[in-house]
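Engineer: Just a sequence and a predicted model for now, questions to come.
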Amino acid sequence: MKLLYIAIYRNSTKPAKELAAAKDLSDFGFFERKSFGEFLTFFATTVAERTAPSQRQSVEENNYMAHTYARAEGVAGVIIADKEYPIRVAYSLLNKLLDQFLTQFPRGQWANGDVTLSFPELESSLAKYQNPQQADSIMRVQQELDETKIVLHKAIESVLQRGEELDSLVAKSSALSTTSKMFYKEAKNNLSSCPFILAMLCAVICEL
Amino acid sequence: MAVAIQDRTAEFRSCVAAISRISSSTASAARSQLLAPNSPPPPSDGNAIRTRGQRTEFAMRAASISKDINSAMNKLQRLAQLAKRKTLFDDKPVEIAQLTYVIKQDLAKINTSISELQNFVKTGKKHWGRKGESQVDEHSENVVVLLQGKLTDVTAGFREVLEVRTKNIQASKTRTEQFISSSSAAVKDPNFQSASPLYAQANGGTSSLENPYGATGNPENPYGSKNSDGEYLTLPDQQQSLMMLEEQQDTYISERNTAIEAIESTINELGGIFSQLATMVAEQREVVQRIDADTEDIAINISGAQRELLKYFATVSSNRWLMVRVFGIIIIFFLLWVLVS
């Protein structure tokens, strides 16, 4: 599961202009990187141009999927990832990034001309979202809940075992109590009568 | 069709009556009671025959429960076999899921029937009173305990199999990632070829989504949209792609919805588990109290016995002559032991 490319485009103009981008091409050999990077840019530009405002779209090409979300203001975010990357996470990441972008850069900065803005959030979220299980809050919560469930199951097992041990303890303690009661009664009854009985008692107890 | 089926109930009944007559003349009372037919009790003989009928019923119930347990154990073995497979592709998730579900239901059913049987035994005991049939009581209780033990065994085995299965799933996933994620799209289903650039992914997250036009899906859609919310009308290109777009919008939102609902249900399950845990600990608290009371009784008894011994020792040590007598008798006793053995 890999995120390759996150970028923000201005798609109110044709051709769409890349406003900020972050790439992760560490999987590719040194000489492939440049051409692949250009392919990514071209792919993203095409898709961003074809996405109408207030619309989400996912496009497949070769081995990769591009997820686009175009906002009404005229910016679109594009994420290119491999096919296994969960789509919901991609879209929620796009939402988040676009909101941040729009609050950080007012319209005037990118509406016209050939600007390239520096948006370090892209790089950091690209790195962070390589592991969608941890980065996306919903998935993380689900994962933690599953782990908790496993722990609880183990706890219930231990409690069951504890129950069994308690049952054996109860049996033993009741047996002991009966024996000690007998011992007490015999001692009370017999010791006051004849001292000879003491010897009998000791013999009986030794045999026990 | 009714011709092939013969009704031989009358023959069966006469056989049973003959056997019971024969065995009642030779065998013990208990055995004949088990063999006696389950006829309605005459009002005069009330209690005795009712006990016989109850015990037969008990035997039948116990037999059916043990049969269920055996069948559950067989299914569990089959599931264990399935779960042990470590192949990457030949995994049969549907069958495993079905088996798991069936086994779970069976176990729950067996559990309820065993608890019913236990209640039955308890109420039966109240009827029987103390007529010297304690052996039958013991036998019934032992049978119930045995069945419960078997059930716990099967449940433990079931849990182990599930753990093995989860481990295998995780292992196979990591292996799949290693081997398949870097290869080309050889694993792709050719049906899913993107004819249009607006191809919607085949992820199963949309299975709960309703068609926004409230109609059932058309699985034969030539554009290969295998979502359950397929197209209803065969529209021309552009409109079709527009509909797919709208579905994608809803797809994202509904997928979020599903994910959050899953979280909610997990949390509910967790709450249930916690309360179960609390119930079990509360039940055990009673047992702990009993142990406590018993230990105190033991302490009291032993201290009382020690008091008696001390008193005796005081009596003995006060009188020299008594001591000499006692030791003399002890020595004679030992001599006797030595001579005899």
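Structural biologist: It's in.

Engineer: Secondary structure element for A:Thr116, which one?
Structural biologist: Taking DSSP states H and E as the definition, one finds A:Thr116 inside no helix or strand.

Engineer: again with B:Gln98
Structural biologist: helix B:93-128.

Engineer: Which strands or helices does that helix pack on?
Structural biologist: With contacts defined as 3 or more Cβ pairs under 8 Å, 6 or more residues apart in numbering or on different chains; DSSP states H and E, helix B:93-128 has these neighbours: helix B:46-84, helix B:134-180. Quick note: C-beta positions are derived from backbone N, CA and C, even for glycine.

Engineer: give me the number of residues near A:Glu165?
Structural biologist: By other Cβ atoms under 10 Å in any protein chain shown, 11 other residues sit near A:Glu165.

Engineer: Would you map the strands across chain A?
Structural biologist: A:3-10, A:17-23, A:55-61, A:64-70, A:75-82 (DSSP state E).

Engineer: Quick one: closest of these to chain B.
Structural biologist: Closest approach to chain B among the strands of chain A is made by strand A:55-61 (5.1 Å; Cβ to the nearest Cβ).

Engineer: ok and the closest one relative to strand A:64-70, angle-wise?
Structural biologist: Strand A:55-61 and strand A:64-70 are oriented at 160 degrees to each other (axes from the mean of the first three to the mean of the last three Cα atoms, to 10 degrees).

Engineer: Just give me how far strand A:55-61 sits from the chain centre.
Structural biologist: Centroid separation between strand A:55-61 and its chain, computed with Cα atoms, centre = their mean, to the nearest Å, is 25 Å.

Engineer: List the strands paired with it, with their directions.
Structural biologist: Sheet pairing of strand A:55-61 (DSSP bridges) gives strand A:64-70 (antiparallel).

Engineer: ok, back up a step: out of the helices and strands packed on helix B:93-128, the one nearest chain A is which?
Structural biologist: That would be helix B:134-180 among those, by Cβ to the nearest Cβ, at 7.5 Å.

Engineer: after that closest one, next one along is what?
Structural biologist: Heading C-terminal from helix B:134-180, the first helix or strand you meet, by DSSP H and E, is helix B:237-318.

Engineer: Buried residues in the helix or strand following that following helix, which are they?
Structural biologist: Per DSSP H and E, the first helix or strand lying C-terminal to helix B:237-318 is helix B:320-340. For helix B:320-340, a neighbour-count test (16 or more other Cβ atoms under 10 Å in any protein chain shown) marks B:326, B:329-330 as buried.

Engineer: In terms of secondary structure, what does helix B:320-340 contact?
Structural biologist: Counting by 3+ Cβ pairs under 8 Å, 6+ apart, helix B:320-340 packs on helix A:196-207, helix B:237-318.

Engineer: if you average pLDDT over the shortest one, what comes out?
Structural biologist: With pLDDT averaged residue by residue, helix A:196-207 scores 62.

Engineer: go on, the longest one?
Structural biologist: The predicted model gives helix B:237-318 an average pLDDT of 85.

Engineer: got the angle for that helix vs strand A:55-61?
Structural biologist: Interaxial angle, helix B:237-318 versus strand A:55-61 (the same axes, to 10 degrees): 90 degrees.

Engineer: List the contacts of B:Lys69.
Structural biologist: To be clear, residue B:69 is Ile; Lys isn't right here. Residues in contact with B:Ile69 (Cβ atoms under 8 Å, 6 or more residues apart in numbering or on different chains) are B:110, B:147, B:150-151, B:154.

Engineer: Apply 6 Å and report the result again.
Structural biologist: Applying Cβ atoms under 6 Å, 6 or more residues apart in numbering or on different chains to B:Ile69 gives the contacts B:110, B:150.

Engineer: ok, now A:Ala22?
Structural biologist: Here A:Ala22 is in contact with A:6, A:122-123, A:126 (Cβ under 6 Å, 6+ apart).

Engineer: What parts of chain A come near chain B?
Structural biologist: Residues of chain A lying close to chain B by Cβ under 6 Å from any Cβ of the partner chain are A:56, A:58-60, A:63, A:88, A:91, A:138, A:141-142, A:145, A:152, A:156, A:159, A:163, A:166, A:169-170, A:173-174, A:176-177, A:180-181, A:183-184, A:187-188, A:191, A:195-196, A:199.

Engineer: Restricted to helices, list those.
Structural biologist: A:88, A:91, A:138, A:141-142, A:145, A:152, A:156, A:159, A:163, A:166, A:169-170, A:173-174, A:176-177, A:180-181, A:183-184, A:187-188, A:191, A:196, A:199 (DSSP state H).

Engineer: which among the residues you listed end up buried?
Structural biologist: A:88, A:91, A:138, A:141-142, A:145, A:152, A:159, A:166, A:169-170, A:173-174, A:176-177, A:180-181, A:183-184, A:187, A:191, A:199.

Engineer: what's the weakest-modelled helix or strand in the chain?
Structural biologist: Just so you know, I chose chain A. helix A:196-207 (a mean of 62; mean pLDDT, DSSP states H and E).

Engineer: right idea, wrong chain: chain B
Structural biologist: Per-SSE averages on chain B (mean pLDDT, DSSP H and E): minimum helix B:29-35, a mean of 52.

Engineer: Low-confidence bits of the chain, can you list those?
Structural biologist: You didn't pick a chain, so chain A it is. Scanning chain A for pLDDT under 70 picks out the ranges A:192-208.

Engineer: Chain B, not that one
Structural biologist: Within chain B, the segments meeting pLDDT under 70 span B:1-4, B:26-55, B:86-91, B:124-133, B:180-242, B:244-249, B:319, B:321-322.

Engineer: go with 50
Structural biologist: B:1-2, B:32, B:38-46, B:48, B:183-234 (pLDDT under 50).

Engineer: Relative to A:Phe39, how far out is the nearest residue to A:Pro15 once chain neighbours are set aside?
Structural biologist: The spatially closest residue to A:Pro15, leaving aside those adjacent along the chain, is A:Thr45, at 6.0 Å (Cβ to Cβ, 6 or more residues apart in numbering or on different chains). A:Thr45 sits 11 Å away from A:Phe39, going by Cβ to Cβ, to the nearest Å.

Engineer: Out of the two, name the residue with the larger neighbour count.
Structural biologist: Using other Cβ under 10 Å, the more surrounded residue of A:Thr45 and A:Phe39 is A:Thr45, with 19 against 16.

Engineer: quick one on the thing from earlier: got the helices and strands packed on helix B:93-128 as a markdown table, with distance to A:Asn11 columns?
Structural biologist: Compiled in a markdown table, the helices and strands packed on helix B:93-128 are given as follows (distance: least, Cβ to Cβ, whole Å):
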| stretch | distance to A:Asn11 |
| --- | --- |
| helix B:46-84 | 50 |
| helix B:134-180 | 34 |
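
Engineer: Determine which stretch of those helices is the most buried.
Structural biologist: Of all the helices and strands packed on helix B:93-128, helix B:46-84 has the most neighbours on average by mean count of other Cβ atoms under 10 Å in any protein chain shown, namely a mean of 16.

Engineer: ok, A:Ile6 - how many residues close by?
Structural biologist: 28.

Engineer: same question, the one 3 residues further on
Structural biologist: Applying other Cβ under 10 Å, we find 28 residues neighbouring A:Tyr9.

Engineer: for it, what are its contacts?
Structural biologist: Counted by Cβ under 6 Å, 6+ apart, A:Tyr9 has contacts A:16, A:18, A:48, A:76.

Engineer: Near the second one, how many other residues are there?
Structural biologist: When neighbours are defined as other Cβ under 10 Å, A:Glu18 has 17 of them.

Engineer: quick one: contacts for it?
Structural biologist: A:7, A:9.

Engineer: at 8 Å what do you get?
Structural biologist: Here A:Glu18 is in contact with A:7-9, A:41, A:44-45, A:116 (criterion: Cβ under 8 Å, 6+ apart).

Engineer: got a winner among those residues for most neighbours?
Structural biologist: A:Ile8 (30 neighbours).

Engineer: That's all I had, so thanks and see you.
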